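Chemist: no sequence for this one, just the structure:
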């Protein structure tokens, strides 16, 4: 199994377990910058050098040796499950991707046919009933996660606990899990614990939101998208995420956590 979704700086100053839709583009660019003094030109997910990634075969033995020996500071970042799945819907389902096409080719047409989802188009200014379509998408997301039908769950809406747990299960240990909602404080704490070849001034780092501007803007506050049934589905999919990362299930509009993450609890509950 190894350490899928794990990135490490070439200097081995830090190790990061990517969680999709949780500031991963910005974190990856900060790691790249901390070694090279420049940002990667393009989406950091497309880089094939300058940053060790588990998806790059040559990086695997280096990442594995580092993580198993806990040689470097290891961290990840989480996000409110309500906001995260809404972001996934607007980016991946309703939005047009960087390549000018729909995400995963036939996925959106399949959702339109099977679940009655309408996502508008650039031609009509992405005019559609956002609440109705999102709730139908939520049924689809639950079906993929619960029954792996009509397809395997997508990394962008599968539970954060699943992503984070693979690192622990295969012998890794986190030093820090911080929140997207308080990104600067969390990322600064990581940087304070590591020595990097290039000093990082977080105040001068831009935000790399690779999904921004490709689709419709969210028209309502978060809670408008979640009726009782939707909340039931969200709990079914993300129960562990709420419990382990201390987000407020009862109030979708409260994006902030309601307690501190207990790292020992996370390792105990997500480990084998």
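Modeler: Happy to help now that I have it. Every value quoted in this text rests on a predicted model; they were computed, and no experiment measured them. Numbering: from 1, shown residues only.
Chemist: Okay, now the unreliable bits of the stretch 1-150 of the chain?
Modeler: Under the criterion pLDDT under 70, no range of the stretch 1-150 of the chain is flagged.
Chemist: Show me the strands in it, by range?
Modeler: Using DSSP state E, counting those that start in this stretch, the strands found in the stretch 1-150 of the chain span residues 6-9, 14-17, 51-53, 73-78.
Chemist: Format those as JSON lines; extra columns: mean neighbour count.
Modeler: Using the backbone N, CA and C atoms, a C-beta is placed for each residue, glycine as well. Below are the strands of the stretch 1-150 of the chain laid out as JSON lines (neighbours: other C-beta atoms under 10 Å):
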{"stretch": "strand 6-9", "mean neighbour count": "25"}
{"stretch": "strand 14-17", "mean neighbour count": "26"}
{"stretch": "strand 51-53", "mean neighbour count": "22"}
{"stretch": "strand 73-78", "mean neighbour count": "23"}
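Chemist: Let's have those strands in CSV, adding distance to residue 133.
Modeler: Shown next, in CSV, are those (distance: least, C-beta to C-beta, whole Å):
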stretch, distance to residue 133
strand 6-9, 33
strand 14-17, 31
strand 51-53, 34
strand 73-78, 26
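Chemist: Select, out of these, the one closest to residue 100.
Modeler: Of all the strands of the stretch 1-150 of the chain, it is strand 51-53 that lies closest to residue 100, at 25.4 Å by C-beta to C-beta.
Chemist: helices or strands up against that closest one?
Modeler: If contacts are counted by 3 or more C-beta pairs under 8 Å, 6 or more residues apart in numbering; DSSP states H and E, strand 51-53 sits against strand 6-9, helix 24-36.
Chemist: which ones are touching the nearest residue to residue 240 once chain neighbours are set aside?
Modeler: Distances taken as C-beta to C-beta, 6 or more residues apart in numbering place residue 161 nearest to residue 240, at 4.0 Å, with adjacent residues excluded. Taking C-beta atoms under 8 Å, 6 or more residues apart in numbering, we find residue 161 in contact with 240, 241, 244, 270.
Chemist: Helix or strand: which one has the closest residue to the last one other than its chain neighbours?
Modeler: Distances taken as C-beta to C-beta, 6+ apart place residue 165 nearest to residue 270, at 3.7 Å, with adjacent residues excluded. Take DSSP states H and E as the rule and residue 165 turns out to sit in helix 160-169.
Chemist: Can you tell me the strand partners of the helix or strand following that helix and which way each runs?
Modeler: Remark: after helix 160-169, the chain's next helix or strand is strand 176-179, criterion DSSP H and E. Looking at strand 176-179 with DSSP bridges, its partner strands are strand 73-78 (parallel).
Chemist: Could I get the contacting residues of the closest residue to residue 78 other than its chain neighbours?
Modeler: Spatial nearest neighbour of residue 78, chain neighbours left out: residue 245 (4.6 Å); criterion: C-beta to C-beta, 6+ apart. Counting by C-beta under 8 Å, 6+ apart, residue 245 touches 78, 160, 177, 179, 257, 261.
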